[in-house]
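Participant: pasting the structure only:
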């Protein structure tokens, strides 16, 4: 008997191509959404650990009447090849501000003064830890114990603490000179990282700096490269990271060379980003951008007068906070040139001026819908995460 089951019709080539196109379209829609969801989750995790850090810092300040940091901001910004800041050719000690504050916030059981505690393995301790290579500090640190114990202000967990490789070469994640003493392994002082594996910077106010902010003739006492003179904040306290060509898990190059073309990965905090290295007290290049980070965005200095001053002359009257914590965001770059965009006064200047909180790069005052002057926070233009207390 003839079969009553109808023959099955195969897909035609056109139908198969349509199905493949639909699947490809769905993948094209879903992948960016999944990527954005992942980035949002990582940003939330980073904000959470930074909020914990800010809270721990505030608690420390309440108890000790100073911002956290085992060594003072001036020591952390000590100049010269034997100091912490060094220079491009001589990187100096290269201790970071975050390493310094973790000693206070997370190092209760990790620090010994004078000698390694009796009964402990001396090979597990770094010797003479200090931001100056000429200073025989007599301070010993076991980096494996930082962030452990119950008496600390801040215990972020090992997932957020990393011991970066420290070398004099800019190709190292941290540019500087290694501490000696620990022979069990090559661990150095740990740094706090974000959910992307990039370091989180700390900018700590030097409360001993009392000079008038407006030092005249294009000079200020708010930001400096090092502590040769007193400034509120020092770029050099994070020079070890900002001189690196392979920073963090994302291996980002944060350095700049003269003649370098514009780059989305270029940091506005890179040394010499405006064409030559900034000098102490100047409002240009990496120091001008540092002022935008550390200055109170809603409180300009009375001199020069904001109404008549150009964008690059406007100075902050007070800091954003005593301790300011700065993560680079999803792109892994601290204030990237791509995101700086229209904030720059010119493509070659490469400075995010503090004054752009109050005026456009061309000098026009910002006005709200009622025609009144307003002061937007220019850092909102970046994906960087900045928390202060």
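Facilitator: Everything's here; your move. Keep in mind the model is a prediction, meaning the values are calculated, not measured.

Participant: my read: residue 310 touches residue 356, true?
Facilitator: No. Applying Cβ atoms under 8 Å as the test, residue 310 and residue 356 come out as separate, 11.1 Å apart. Using the backbone N, CA and C atoms, a C-beta is placed for each residue, glycine as well.

Participant: between those two, which is the more surrounded one?
Facilitator: Using other Cβ atoms under 10 Å as the criterion, residue 310 and residue 356 rank with residue 356 on top: 25 against 14.

Participant: surely the more buried one is within a helix?
Facilitator: Yes. Counting by DSSP: H, G, I helix; E, B strand; the rest coil, residue 356 is part of a helix.

Participant: which parts of the chain are strands?
Facilitator: 111-113, 139-141, 161-162, 166-167, 174-175, 191-192, 201-204, 214-216, 219-220, 223-224, 233-234, 323-327, 385-388 (DSSP state E).

Participant: relative to the fifth one, what are the paired strands and their orientations?
Facilitator: Yep, that's strand 174-175 we're talking about. Partner strands for strand 174-175, per DSSP bridges, with pairing direction: strand 166-167 (parallel).

Participant: same check, this time on the last one
Facilitator: Paired with strand 385-388 in the same sheet, following DSSP bridges, are strand 323-327 (antiparallel).

Participant: which residues are in contact with the partner strand?
Facilitator: Residues outside strand 323-327 that contact it (Cβ atoms under 8 Å, 6 or more residues apart in numbering): 46, 50, 53-54, 57, 61, 67-68, 101, 194, 198, 200-205, 293-294, 334, 384-389.

Participant: I'd like the average pLDDT over that strand.
Facilitator: For strand 323-327, mean pLDDT rounds to 98.

Participant: related to what we said a few turns ago, narrow the contacts of strand 323-327 to just the buried residues.
Facilitator: 46, 50, 53-54, 57, 67-68, 101, 194, 198, 200-205, 293-294, 334, 384-389 (16 or more other Cβ atoms under 10 Å).

Participant: quick one: closest of the strands of the chain to residue 127.
Facilitator: With Cβ to Cβ as the measure, strand 139-141 is the member of those nearest residue 127 (5.7 Å).

Participant: now for the closest one, which elements pack on it?
Facilitator: For strand 139-141, the packing partners by 3 or more Cβ pairs under 8 Å, 6 or more residues apart in numbering; DSSP states H and E come out as strand 111-113.

Participant: who does the strand it packs on pair up with?
Facilitator: Assessed with DSSP bridges, strand 111-113 is paired to strand 139-141 (antiparallel).

Participant: how about the most centrally placed residue in the chain: what's its closest non-neighbour residue?
Facilitator: For the chain, the residue nearest the mean C-alpha position is residue 201 (3.3 Å; Cα atoms, centre = their mean). Leaving aside its chain neighbours, residue 201 sits nearest to residue 326 (4.3 Å; criterion: Cβ to Cβ, 6 or more residues apart in numbering).

Participant: quick one: residue 282 from residue 289, how far?
Facilitator: 12 Å (Cβ to Cβ, to the nearest Å).

Participant: equivalent analysis for residue 283, please.
Facilitator: 10 Å.

Participant: more neighbours: which of those two?
Facilitator: residue 289 (29 against 25).

Participant: would you map the helices across the protein?
Facilitator: Using DSSP state H, the helices found in the chain span residues 13-64, 73-76, 97-106, 239-242, 285-294, 337-340.

Participant: do you know which of those helices lies nearest residue 86?
Facilitator: Residue 86 sits nearest to helix 239-242 of all the helices of the chain, at 7.1 Å, using Cβ to Cβ.

Participant: what about that closest one, distance to the chain center?
Facilitator: Chain-centre distance of helix 239-242: 9 Å, with Cα atoms, centre = their mean, to the nearest Å.

Participant: residues in contact with residue 214?
Facilitator: Contacts of residue 214 (Cβ under 8 Å, 6+ apart): 220, 301, 303-304, 315.

Participant: who wins for neighbours among those?
Facilitator: For these, neighbours tallied by other Cβ under 10 Å; top is residue 220, 27 neighbours.

Participant: what about residue 300, how many residues nearby?
Facilitator: Neighbourhood size, residue 300 [other Cβ under 10 Å]: 23.

Participant: spit out the contact partners of it.
Facilitator: Counted by Cβ under 8 Å, 6+ apart, residue 300 has contacts 306, 314-317, 354-355, 357-358.

Participant: distance check, it against residue 214.
Facilitator: 11 Å.

Participant: for residue 381, see how far away the residue nearest to residue 238 when sequence neighbours are not counted is.
Facilitator: Counting by Cβ to Cβ, 6+ apart, residue 238 lies nearest to residue 201, which is 5.0 Å off, once chain neighbours are set aside. The gap separating residue 201 from residue 381 is 18 Å, by Cβ to Cβ.

Participant: ok, residue 230 next?
Facilitator: From residue 230 to residue 381 the distance is 31 Å (Cβ to Cβ).

Participant: for residue 194, same thing?
Facilitator: In this view, residue 194 and residue 381 are 19 Å apart by Cβ to Cβ.

Participant: start to end distance for stretch 366-381?
Facilitator: 15 Å (Cα to Cα, to the nearest Å).

Participant: going forward, count from 41.
Facilitator: Happy to do that; since the first residue is 41 now, the last one works out to stretch 406-421.

Participant: next one: it to chain centre, how far?
Facilitator: With Cα atoms, centre = their mean as the basis, stretch 406-421 stands 26 Å off its chain's centre.
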